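> Fold the following for me, if possible:
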Amino acid sequence: MEEQPSWAISPEAVGNREIVTLNSKIRELERRLDSLEGRIPNSNIVSHKFWTRALAVFGHQLSIGLVFYAIIFAIAIVFGILGAIIGR
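So this is what the prediction gives:
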């Protein structure tokens, strides 16, 4: 039989069927939590440190902003060239 954690109430001591059910549900929830924690990406965005998290968010925002403005700039250049060709 597996060793019970300190929070588990022994069903033999209490003799209550609900305690056994609750203990098994807690074990199942702990297993699910462990699997979910394993799927968290290795990124500074989920860091516990405020400044690390803030700089990671700023970096992501800066990079997506650069991509966005590069696309807008390229479209403006195309329209400028088309306007110069058509305006002759």
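
> Only the buried residues of whichever helix in the chain runs longest, if you could.
Secondary structure assigned by DSSP state H gives helix 50-86 as the longest helix of the chain. For helix 50-86, a neighbour-count test (16 or more other CB atoms under 10 Å) marks residue 56 as buried. In this view, the C-beta of every residue, glycine as well, is placed from N, C-alpha and C.

> Quick one: mean pLDDT over that helix.
The pLDDT scores in helix 50-86 average 96.

> now that helix, how far from the chain's geometric center?
Centroid separation for helix 50-86 versus its chain: 25 Å, with CA atoms, centre = their mean, to the nearest Å.

> other SSEs contacting it?
When contacts are defined as 3 or more CB pairs under 8 Å, 6 or more residues apart in numbering; DSSP states H and E, helix 50-86 packs onto no helix or strand at all.

> who touches the closest residue to residue 57 other than its chain neighbours in this structure?
Of all residues not flanking residue 57 in the chain, residue 45 sits nearest, at 6.3 Å (CB to CB, 6 or more residues apart in numbering). Listed by CB atoms under 8 Å, 6 or more residues apart in numbering, the contact set of residue 45 reads 53, 56-57, 60.

> again, but for residue 32
Contacts for residue 32 were tallied using CB under 8 Å, 6+ apart; there are none.

> For the residue nearest to residue 57, what are phi and psi?
Dihedral pair for residue 45: phi -70, psi -30, per degrees, to the nearest 10.

> Please tell me how far it sits from residue 61.
Counting by CB to CB, to the nearest Å, the gap from residue 45 to residue 61 is 11 Å.

> Residue 74 now?
For residue 74, the distance to residue 61 equals 21 Å [CB to CB].
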